[in-house]
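# predicted model and sequence follow; I will ask about them next.
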Amino acid sequence: MNSYRLDSKNPFRKESVYMIIRDVFKLSEMDEMVYEPGAISKLCVQLASEIRTKVKALGFERYKLVCVVQICEKNRQSVKTLAKFLWDPERDNCATYRMENKYFLISGAVFGLYYE
């Protein structure tokens, strides 16, 4: 008898991932930081890695995770971000969080893409 199932036993829950992104940003004390171009790229990699590790610990079954962190200096400009995926609206999902202080804007996104 065929026992292949399409649905995950532990599907991606964007609410719990949102809380992880928010907590990582809050614990990193972003409110007090000043934008320094040399340190920002390392900080983005560090934050994305920390978020990815915590989301992996949730054990979402059959999901590929894509974690993106962006930090932009506030300098009277607009910022637009775009991400494109082949999306399954029934199984794929994402969680995003954004915060800012007077020096910069930081946004984090985790995409949970169902993988059969």
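That came in fine, so what should we check first? Numbers count the residues shown, from 1 in each chain.
# and Tyr4, how far from Pro89?
Taking CB to CB, to the nearest Å as the measure, Tyr4 falls 22 Å from Pro89. C-beta: built from backbone N, CA, C; applies to glycine.
# same question, Ala48
Per CB to CB, Ala48 is found 25 Å from Pro89.
# the two - which one has more neighbours?
Summary of the neighbour comparison: Ala48 and Pro89, criterion other CB atoms under 10 Å, with Ala48 having more neighbours (19 against 6).
# which other helices and strands contact the helix or strand hosting the more buried one?
Following DSSP states H and E, the helix or strand that holds Ala48 is helix 37-56. Packing contacts for helix 37-56, counted by 3 or more CB pairs under 8 Å, 6 or more residues apart in numbering; DSSP states H and E, involve helix 14-27, strand 63-73, strand 104-114.
# touching the first one from outside, list them.
Outside of helix 14-27, the residues within contact range by CB atoms under 8 Å, 6 or more residues apart in numbering are 47, 50-51, 54-55, 58, 93-97, 99, 106, 108-110, 112.
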